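S.K.: Dropping a prediction and its sequence here:
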Amino acid sequence: MNNTAIAASGLRKSYGDKTVLDGIDLTVEAGTIFALLGPNGAGKTTTVNVLTTLLRADGGTATVAGHDLMSDTKAVRKAIGVTGQFAAVDDLLTGAENLRLMADLHRLRGKAGKQVVADLLERFDLAASADKQATSYSGGMRRKLDLAMTLVTKPAIIFLDEPTTGLDPRSRRTMWEIVRELTDEGVTIFLTTQYLEEADQLADKIAVLDQGRIVAEGTAAELKRRIPGSHLEFRFTQPDQLAAAAAILSGSTPDDEALTLSVPGDGGTKNLRALLDQLAAHAIEADEVSIHTPDLDDVFLALTGRATTEADAR
């Protein structure tokens, strides 16, 4: 596999009269985390299902791990792992049995299979619960077991379709650490998520999908810079200092109660230095200075006109 793990051009998918994917173009570099964001029904899960060969696209082309998605599906399936929104574990089997079953299905038997199972149980901190039925596992443990089962074959690319939905914050952060470790080892992660913080924390690159089309793409920082609203906030100890600063800094908005002054700006060093120099020239000194930029919630709302929802459609 070269430096491009996934490349898609003009992917289309419809269900009757409803167009779900309307010409998707994506490029995911190997060894990175790519996050696909989108509101309910945007087409995130359909995108994953197409790229993992679970659905056939109506049009367009794509390569996954260097293999053509349409003509070489077997090779694609050998190179990828998939973890969906709901843990695909067998509740009647123990954690170890779930992993052994997956190893058997991939013909990893004998000493090699046992070693893979033991290593994964240790890596995901499940060794102590290896002989307990999966039905007794917490949500976080089940998600870890599900991901461990995906790693039995050591895939080059892993698709994680909303992998932390319903998890508590601590379990979610544990999953984040595991995902980061995987990319450190060279694994490519294709992530869909309803948690904007998750994409902000993890993704090297983010694409926003809305009504079947990619409406924005870039790093989290690049997406945030596209949205107006960045400003610097100066806090003062005296009302007269606030009033004097407001008179000097054009476009500023004072808050008399909080003794703060909001000034439009990108928070860059040059911009900040210029504002501080203006204040210093009039012997005015701010007690605190902070930079405020739009977050991914603001970006998402501005690009799609709506907020994310807990549920996901096709």
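M.R.: Done, it's in. Residues are numbered from 1 along each chain as shown.

S.K.: In the stretch 51-200 of the chain, what residue spans correspond to strands?
M.R.: Under the criterion DSSP state E, counting those that start in this stretch, the stretch 51-200 of the chain carries strands at the ranges 59-64, 67-68, 80-83, 157-161, 188-192.

S.K.: what's the fourth one packed up against?
M.R.: Where contact means 3 or more Cβ pairs under 8 Å, 6 or more residues apart in numbering; DSSP states H and E, strand 157-161 is packed against helix 44-51, strand 80-83, helix 139-150, strand 188-192. C-beta here means a position set from N, CA and C on the backbone, and glycine is covered the same way.

S.K.: Let's see the third one as CSV, backbone CA atoms only.
M.R.: Just to be clear, that refers to helix 139-150. Coordinates of each C-alpha in helix 139-150 appear next as CSV, following Å, rounded to 0.1, in the frame of the first residue of the first chain:
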residue,chain,number,x,y,z
GLY,A,139,-20.3,-1.2,27.6
GLY,A,140,-16.6,-0.1,27.5
MET,A,141,-15.4,-3.6,27.9
ARG,A,142,-17.7,-4.9,25.1
ARG,A,143,-16.4,-2.1,22.8
LYS,A,144,-12.8,-3.0,23.6
LEU,A,145,-13.5,-6.7,22.9
ASP,A,146,-15.2,-5.8,19.6
LEU,A,147,-12.2,-3.8,18.5
ALA,A,148,-9.8,-6.6,19.7
MET,A,149,-11.8,-9.1,17.5
THR,A,150,-11.3,-6.7,14.6
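
S.K.: What is it packed up against?
M.R.: Counting contacts by 3+ Cβ pairs under 8 Å, 6+ apart, helix 139-150 packs against strand 80-83, helix 95-105, helix 110-123, strand 157-161, helix 169-184.

S.K.: quick one, what contacts the closest residue to Ala127 other than its chain neighbours?
M.R.: Using Cβ to Cβ, 6 or more residues apart in numbering and skipping residues adjacent in sequence, the residue nearest Ala127 is Leu121, 4.5 Å away. Going by Cβ atoms under 8 Å, 6 or more residues apart in numbering, Leu121 touches 95-96, 99, 127, 130, 148.

S.K.: Show me which of these is closest to Ile33.
M.R.: Ala148 (18.7 Å; Cβ to Cβ).

S.K.: Tell me how many other residues crowd the residue nearest to that closest one when sequence neighbours are not counted.
M.R.: Using Cβ to Cβ, 6+ apart and skipping residues adjacent in sequence, the residue nearest Ala148 is Leu120, 4.3 Å away. Counted with other Cβ atoms under 10 Å, the neighbours of Leu120 add up to 25.

S.K.: again, but for Phe234
M.R.: Phe234 has 26 nearby residues by other Cβ under 10 Å.
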